[in-house]
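Student: Structure of the sequence below:
(one chain, ligands or ions: 4)
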Amino acid sequence: RSIEHDLRSAIANNELGLAYQPQAQVDTGEVNGFEVLLRWKHPTRGDVSPALFIPIAEESGLILKIGEWVMREACREAASWKRPLTVAVNVSALQLTSDGFVEFVQATLEQTNLPAKRLEIEITETALIRDPNRALVSLQRLKEIGVNIAMDDFGTGYSSLSNLRAFPFDKIKIDRSFIQAVHANPQAAAIVRAVLGLGRGLGLPVIAEGVETSEELRFLGLEGCTEAQGYLFGRPAPIMEFMQLISDNI
Ligand code: G
Ligand code: G
Ligand code: NA
Ligand code: MN
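Tutor: Residues are numbered from 1 along each chain as shown. Ligands and ions are numbered 1, 2, ... in the order given. As a prediction, this is how the structure comes out:
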């Protein structure tokens, strides 16, 4: 049995789940929202990494059904929170450029009663390369309905700067490879400073991914980075583990 074969029945068999990872304010540590990360508990293989099955889901087209499930679950979950925190959903190339994607997002927001401004979609550069014209139209229309658009894994793609100019991004997510030991690594530090400068110049907020230590966080704060995500604030986990954060009595 192939992964692809098993993935076909994963939704129906209730094997997919969502993990939530906090995105926090650098200066106060206050949580602004969560990124949603897909998890697959296979009956015999155990936990299968999304790094393994997402590419298979993309090649087979299964990502369309799975992505719809993720979007619906995430919006329904976020709409139930007492506090108006944001929810960030990863969207793949095939989804972004598929027929009816924007209509689907709009309908999901209406059905779940989630205000569009509380939804953020995370797009990597790879998602733009596949069909840049269609990707642009989709992103423009999502922006029009009020959804925020973040450029994921910034700095690891082929033409990050051109893409930043050509597509209507609202936020830059610095890839975690640049954040690791940034305070002790002059090259990484120079790159992170430059990306923060870019964000300031373009008027785009920048979030640092993969923040694991207080030294990294301190560096980011001193350099003017306002938002961060990483194990320091919390590992991706079932939303129940963040019960205090999502209720209003904090
Ligand atoms: O959670 P983890 O760090 O193992 O995720 C590995 C990769 O899978 C990351 O690149 C992440 O963006 C991607 N990923 C996780 N959840 C989703 C999802 O719901 N949709 C898509 N398209 N990618 C996801
Ligand atoms: O590609 P994307 O940025 O969506 O990937 C998110 C991935 O990064 C997830 O697999 C998540 O588990 C992982 N991740 C989140 N925070 C940290 C961290 O602080 N350190 C490391 N090493 N990985 C992290
Ligand atoms: Na992401
Ligand atoms: Mn990322």
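
Student: got a list of what residue 195 touches?
Tutor: Contact analysis of residue 195 by CB atoms under 8 Å, 6 or more residues apart in numbering lists 154-155, 172, 174, 178, 206. No exception for glycine: its C-beta is placed from N, CA and C like everyone else's.

Student: check whether stretch 107-123 contacts ligand 3.
Tutor: Yes: using CB under 5 Å from the ion, stretch 107-123 reaches ligand 3 at residue 122.

Student: Just the endpoints, please. Distance across that stretch?
Tutor: With CA to CA, to the nearest Å as the measure, stretch 107-123 spans 20 Å from end to end.

Student: got the contact list for that stretch?
Tutor: Outside stretch 107-123, the residues that touch it by CB under 8 Å, 6+ apart are 33, 35, 71-72, 75-76, 78-79, 84-91, 96, 105, 135, 139, 142, 145-152, 167, 170-171, 173.

Student: Select from the contacts of residue 195 every entry located in strands.
Tutor: If you go by DSSP state E, the contacts of residue 195 have 154, 172, 174, 206 in strands.

Student: any idea how far the longest strand seen in the chain is from the chain center?
Tutor: Identified as the longest strand of the chain according to DSSP E is strand 31-42. Counting by CA atoms, centre = their mean, to the nearest Å, strand 31-42 is centred 9 Å from the centre of its parent chain.

Student: same for the helix or strand just after that strand, what does it pack against?
Tutor: Proceeding N to C from strand 31-42, the next assigned helix or strand is strand 46-48, under DSSP states H and E. Under the contact criterion of 3 or more CB pairs under 8 Å, 6 or more residues apart in numbering; DSSP states H and E, strand 46-48 touches strand 31-42.

Student: can you tell me if the strand it packs on touches ligand 1.
Tutor: Yes: looking at strand 31-42 against ligand 1 by CB under 6 Å from any ligand atom, the contacts come from 37-38.

Student: when you give positions from now on, start the count at 574
Tutor: All right, first residue 574 from here; so that's strand 604-615.

Student: Output that strand in CSV with nothing but the alpha carbons.
Tutor: What follows is strand 604-615 as a C-alpha-only set of coordinates in CSV (Å, rounded to 0.1, in the frame of the first residue of the first chain):
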residue,chain,number,x,y,z
VAL,A,604,-0.1,35.8,21.4
ASN,A,605,-1.6,37.4,18.3
GLY,A,606,-2.7,34.2,16.6
PHE,A,607,-1.8,30.7,15.5
GLU,A,608,-0.4,28.9,12.4
VAL,A,609,-2.3,25.7,11.6
LEU,A,610,-0.1,22.7,10.7
LEU,A,611,-1.6,19.5,9.3
ARG,A,612,-0.9,16.2,11.2
TRP,A,613,-1.6,12.6,9.9
LYS,A,614,-1.9,9.8,12.4
HIS,A,615,-1.7,6.7,10.2
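
Student: All good on my end, thank you.
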